[in-house]
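# Provide a 3D model corresponding to the input given below.
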Amino acid sequence: MANAFSSATGIVATIGNQGSSWPGFFAQVQHLVVALRLDILCILDTRISDFDPATNKIASKLSVYFDNVDFVHSDDIANNKSWVHTFVYGYPAKRMQLDLWNEIETWKPQNDDSWVLMGDFNNVASSEEKIGGRDPNTVYMHNFVSFLNNINVTSLPAEGLPFTWSNKHQDQTTIFEKLDRVVANPSWLQIFPSACVENLPMVGSDHSPVVLTTLPVKVIKTRSFRVEAVWQTHSDFPDLVRNSWKETIEDDPLKNFVAISNAFSNYISSWSKVVFGNFLNNSTKLQNDVNFYQNQLMMFPDSIYLKNKVLETNRELMNFYQKEEIYWAQRAKENWLSLGDNNTKYFHTHATIRKQKNKIVGIKNDLDMWITDYDDIASVFVQSFKNRFSSAGNMDFSFCDIINGGISDIDNDLILAPATMLEVEKAVNSIGSLKAPGPDGLNALFFQKNWESLKGSIFSLVTNFFDNKIDCYYAGSRKGSELYWKPEGSRP
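Next up is the predicted model:
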């Protein structure tokens with residue numbers, strides 16, 4: 001199977017056996033795909049269910065999703081690199097593995113082409129790669145090592161957990177083994193000298209997800225204030241809104257609303273830093289906690305305390321995944337969000353689509369040259385829009401004279417009637433809850449969930465606007481936006 005993709009990082013992950021059978025599987029996949037910016041995800045699970053790429057579009061965030069294939073020929077367009085990538089699922093019945101090793105040897109690329117293999121080999125390469133249970137079978141272990149030597153590959157050292165599988169027994173029969181690994185031939189190591197492997201914590205599955213990063217990650221940080229949907233899950237948030245959203249600060253309705261929203265934004269930002277912190281940092285801490293206690297348990301497998309800590313930290317990480325669903329649903333800008341319900345499959349089907357569609361790694365400028373730098377791409381777009389939408393003269397509106405009126409006097413009276421609180425409330429509730437907010441960062445979900453505390457200032461703003469007492473427009477730039485007000489009749 002051939003696959004071409006464009007990436008600045010080249011990140012590949014595998015999830016081993018039993019990965020899809022636990023309730024939080026889709027949440028874990030969502031985290032891997034989006035947080036790690038995966039290009040390729042391989043799920044090595046013979047019992048996988050509910051992951052049809054035709055209906056579940058987690059796969060749409062990836063450069064490629066596949067099953068039932070032997071290998072992938074990968075072409076990294078952005079970095080002009082090409083190699084063969086083989087995903088391996090070794091038979092659990094080790095007596096059948098020798099035939100598999102012999103078959104894979106026939107796939108060895110000719111002419112010393114670059115080749116990397118990763119996955120669940122279901123075997124260890126030395127006795128040090130297993131603790132607990134019976135000693136490894138030396139015959140099967142010898143067959144596996146001979147296979148690796150015959151195809152001329154080297155195991156890449158992995159960060160994270162030293163073992164990638166556990167039977168998860170909570171007694172003295174606990175077993176840990178390194179069954180998952182990444183191996184590569186010298187040609188592949190030459191084109192990716194900085195490649196690194198990480199064995200992530202085992203959460204839900206009995207295997208560690210294995211992540212291969214071929215190139216250093218380029219992180220782009222740009223974020224302005226906005227209300228996070230996940231704040232609504234905190235029990236104190238409704239009271240915070242009620243107490244911090246002041247009804248009157250300024251006499252002018254528009255200035256008053258701007259002043260109220262600015263004061264609230266400053267207050268709630270400080271609260272969020274204390275209560276929620278940075279989501280990515282929270283994820284890293286939870287991952288590290290799970291990683292630490294699983295490492296400790298592998299050194300002291302009889303410790304009841306460590307087994308309880310592993311269970312506790314696993315629960316905390318799974319709770320984080322549930323909150324992260326809401327976080328990524330907001331970034332997918334879905335039309336609705338049912339807080340408190342388990343919408344795992346729905347959110348994970350949609351949360352990855354928007355980012356994939358918006359991902360641009362290169363664009364041609366007016367000189368037909370490829371531009372790949374992030375800031376330069378933005379400049380090309382800005383200049384293109386300026387060229388297309390700059391005014392070329394006065395617009396002729398004489399065609400309006402030939403349009404017949406289609407509104408009756410009764411309809412006109414209804415349109416001109418003063419707005420009511422019920423109409424304003426219906427209008428607010430009709431907005432997609434997670435649609436992009438305005439420059440103030442307050443999205444529709446915030447107003448919908450906290451309507452009783454906010455309705456007074458909003459209704460005042462709307463009624464004064466229709467009474468021609470205020471006139472406003474937004475002027476935005478890439479780095480920020482401001483709200484302007486002007487006298488009646490001067491709207492640009």
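# parallel or antiparallel, which strands does the strand or helix carrying F87 pair with?
For F87, the host element (DSSP states H and E) is strand 81-89. Partner strands and pairing direction for strand 81-89 (DSSP bridges) are strand 71-76 (antiparallel), strand 115-120 (parallel).
# which strands or helices does the longest helix along the chain pack on?
As assigned by DSSP state H, the longest helix anywhere in the chain is helix 304-331. Under the contact criterion of 3 or more CB pairs under 8 Å, 6 or more residues apart in numbering; DSSP states H and E, helix 304-331 touches helix 25-30, helix 279-299, helix 344-350. No exception for glycine: its C-beta is placed from N, CA and C like everyone else's.
# how many other residues sit next to I304?
Using other CB atoms under 10 Å, I304 is surrounded by 9 other residues.
# S166 contacts F176, correct?
Yes. Using CB atoms under 8 Å, S166 is in contact with F176, at 5.1 Å.
# and the strands paired with strand 81-89, which one's lowest on average pLDDT?
In terms of mean pLDDT, the lowest-scoring of these is strand 71-76 (a mean of 53).
# can you pull out the helices in the stretch 1-150 of the chain?
Assigned by DSSP state H, counting those that start in this stretch, the stretch 1-150 of the chain shows helices spanning 25-30, 97-105, 138-150.
# to S261, which of the ones you listed lies closest?
Proximity to S261 (CB to CB) singles out helix 25-30 among the helices of the stretch 1-150 of the chain, at 31.3 Å.
# by contact count, what packs against the closest one?
Looks like helix 25-30 contacts helix 304-331, helix 344-350 (3+ CB pairs under 8 Å, 6+ apart).
# for the ones you listed, which has the smallest mean pLDDT value?
Looking at the helices and strands packed on helix 25-30, the lowest mean pLDDT belongs to helix 344-350 (a mean of 44).
# where does pLDDT dip in this structure?
Low-confidence segments of the chain, defined by pLDDT under 70: 1-10, 15-24, 45-80, 216-223, 279-280, 331-361, 389-397, 399-400, 469-492.
# quick revisit: what's the most buried one of the helices and strands packed on helix 304-331?
Stretch with highest mean neighbour count among the helices and strands packed on helix 304-331: helix 25-30 (a mean of 24; mean count of other CB atoms under 10 Å).
# skipping its backbone neighbours, what lies nearest N365 in space?
V380 (5.1 Å; CB to CB, 6 or more residues apart in numbering).
# and that neighbour, that one's in a strand?
No. Counting by DSSP: H, G, I helix; E, B strand; the rest coil, V380 is located in no strand; its state is helix.
# residues touching it, list them.
Residues in contact with V380 (CB atoms under 8 Å, 6 or more residues apart in numbering) are I363, N365, I371.
# apply 10 Å and report the result again.
I360, I363, K364, N365, D366, M369, I371, D373 (CB atoms under 10 Å, 6 or more residues apart in numbering).
# N314 too?
Listed by CB under 10 Å, 6+ apart, the contact partners of N314 are G24, K168, P201, M202, V203, G204, L286, D289, V290, Y293, Q294.
# pretty sure K130 sits against K178.
Yes. The pair K130 / K178 is scored as a contact, 7.4 Å apart, by CB atoms under 10 Å.
# wait, doesn't Q322 sit right on A329?
No. Using CB under 10 Å, Q322 is not in contact with A329; the gap is 11.4 Å.
# which one's more surrounded, those two?
It is A329, of Q322 and A329, that has more neighbours when counted by other CB under 10 Å, with 25 against 15.
# wait, isn't that one in contact with N443?
No. Applying CB under 10 Å, one finds A329 not in contact with N443, separated by 12.0 Å.
# what sits in contact with each of these two?
With contacts defined as CB under 10 Å, 6+ apart, the residues adjacent to both A329 and N443 are A229, S433, L434.
# what separates the residue nearest to the first one when sequence neighbours are not counted from G432, distance-wise?
When the adjacent residues along the chain are set aside, A229 lies closest to Q330, with 4.4 Å between them (CB to CB, 6+ apart). Taken as CB to CB, to the nearest Å, the spacing of Q330 relative to G432 amounts to 11 Å.
# test my guess that S457 contacts I260.
Yes. The criterion here is CB under 10 Å, and S457 meets it with I260 at 5.7 Å.
# OK, contacts around K309?
Residues in contact with K309 (CB under 10 Å, 6+ apart) are D289, V290, F292, Y293, Q294, Q296, L297, S303.
# how much space separates it from M96?
Distance of K309 to M96, computed by CB to CB: 37 Å.
# any idea which helix or strand carries I458?
Under the criterion of DSSP H and E, I458 resides in helix 451-466.
# helices of the stretch 351-492 of the chain, start to end?
With DSSP H, counting those that start in this stretch as the criterion, the stretch 351-492 of the chain has helices spanning 353-358, 374-389, 409-416, 421-429, 444-449, 451-466.
# quick one: stretch 159-166 to chain centroid distance?
With CA atoms, centre = their mean, to the nearest Å as the basis, stretch 159-166 stands 24 Å off its chain's centre.
# typed the wrong thing, it's stretch 266-284
18 Å.
# any idea how far A184 is from A195?
A195 is 8 Å from A184, where distance means CB to CB.
# also V227?
Distance, V227 to A184, by CB to CB: 46 Å.
# with S457 instead?
S457 is 61 Å from A184, where distance means CB to CB.
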